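S.K.: sequence below, structure please.
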Amino acid sequence: MKPIYRALVSLLIVLSLDWMTKTWVEQVLIPFQPVSLAGQFFRLTLGYNTGVAFGLFANGGVGPLVLTGIIIVGMVIWLVSTLRSGELPPTAAAPIGLILGGAIANFVDRLPDGRVTDFFDAGFGPTRFPTFNLADTFIVIGVIFILLFSLPIKKAVEDQ
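M.R.: This next block holds a predicted model:
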């Protein structure tokens with residue numbers, strides 16, 4: 001499969017799964033009422049984020065939305081041009097699709113009301129990681145894979 005198609009398939013999978021999970025949690029969960037999945041460590045807690053990553057620039061109006069849109073368009077242009085030119089290794093296509101899919105999913109979620117639906121809640125007692133969603137998870141996974149694929153592979157040299 002061509003790298004551009006791998007990126008597109010992973011992007012579409014992320015968009016679909018993110019949309020389905022956000023739709024489901026909004027129908028099933030009561031906002032800000034945690035539902036335990038693994039004790040207090042991992043819960044589902046429906047919440048909304050008007051900011052960007054980790055709630056930065058919360059209530060920033062349309063600024064974060066416009067900035068995110070510009071970044072996404074830039075990333076799409078970059079992805080298409082680098083994959084066509086062969087500058088990226090083919091293994092980077094799917095992880096880039098994960099990152100773009102997550103970014104687009106959160107962008108689309110933010111369009112109607114200026115906020116993103118979050119529901120994964122992890123931490124210990126009062127020390128909690130910021131609530132996040134499946135799109136955020138795919139972005140992080142994509143970045144991890146790109147970093148792993150970018151590490152130089154050293155051949156084992158036998159001393160004789």
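
S.K.: where does the chain dip in pLDDT?
M.R.: Applying pLDDT under 70 to the chain flags the ranges 52-61, 153-160.

S.K.: how about the helices in it?
M.R.: Under the criterion DSSP state H, helices of the chain are mapped to 3-28, 63-85, 93-110, 134-150.

S.K.: packing partners for the third one?
M.R.: Counting contacts by 3 or more Cβ pairs under 8 Å, 6 or more residues apart in numbering; DSSP states H and E, the secondary-structure elements packed against helix 93-110 are helix 3-28, helix 63-85, strand 116-124, helix 134-150. To be clear about C-beta, it is placed using only N, CA and C from the backbone, and glycine gets the same treatment.

S.K.: what about stretch 99-119, start to end distance?
M.R.: Stretch 99-119 has an end-to-end distance of 19 Å (Cα to Cα, to the nearest Å).

S.K.: buried sites along that stretch?
M.R.: For stretch 99-119, the neighbour count (16 or more other Cβ atoms under 10 Å) marks 99-107, 109-110, 116-119 as buried.

S.K.: if anything else comes up later, I'll come back, but that's it for now.
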